[in-house]
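Q: need coordinates for the below:
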Amino acid sequence: MRDKTQTNSAAPGDRLIRAGAVVFFLGAVATLVTVAPLFLGAKPFPTYMFGLSMLMAVGFLVAGAGVLRSVAAGRRQARDAAPGASR
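A: Numbers count the residues shown, from 1 in each chain. Below you'll find the predicted structure:
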């Protein structure tokens, strides 16, 4: 079965996982930028910067959805490839 799988083929959830990782990283940077002035004694950033910190959670959810989609596709493929599989 492995000889049929191409090494550069993308699974159904791969794009969601990559997008989630990018959004999570942007949220992590926003969190560090938002929290830094609190530790340095500088003037805090505006409130919307704290909202940008929520991108970490959004990215985590998007990546999780990609993982679930990939798992579902893998299970579907295994079920279809199983000997004696009937619908």
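Q: in this protein, which segments are predicted with low confidence?
A: Flagging of the chain using pLDDT under 70 yields the residue ranges 1-9, 84-87.
Q: so what's the residue count around residue 27?
A: Neighbour count of residue 27, defined by other C-beta atoms under 10 Å: 19. The way it works is simple: take the backbone N, C-alpha and C, and place the C-beta from them, glycine included.
Q: can you check residue 39 too?
A: As a burial measure, the neighbour count of residue 39 was computed by other C-beta under 10 Å and equals 7.
Q: equivalent analysis for residue 71, please.
A: Using other C-beta under 10 Å, the number of residues around residue 71 comes to 13.
Q: ok, now which ones touch the closest residue to residue 57 other than its chain neighbours?
A: When the adjacent residues along the chain are set aside, residue 57 lies closest to residue 27, with 7.2 Å between them (C-beta to C-beta, 6 or more residues apart in numbering). Contact partners of residue 27, counting by C-beta atoms under 8 Å, 6 or more residues apart in numbering, are 52-59.
Q: find the centremost residue of this protein, please.
A: Of all residues in the chain, the one closest to the mean position by C-alpha atoms, centre = their mean is residue 63, 1.8 Å from it.
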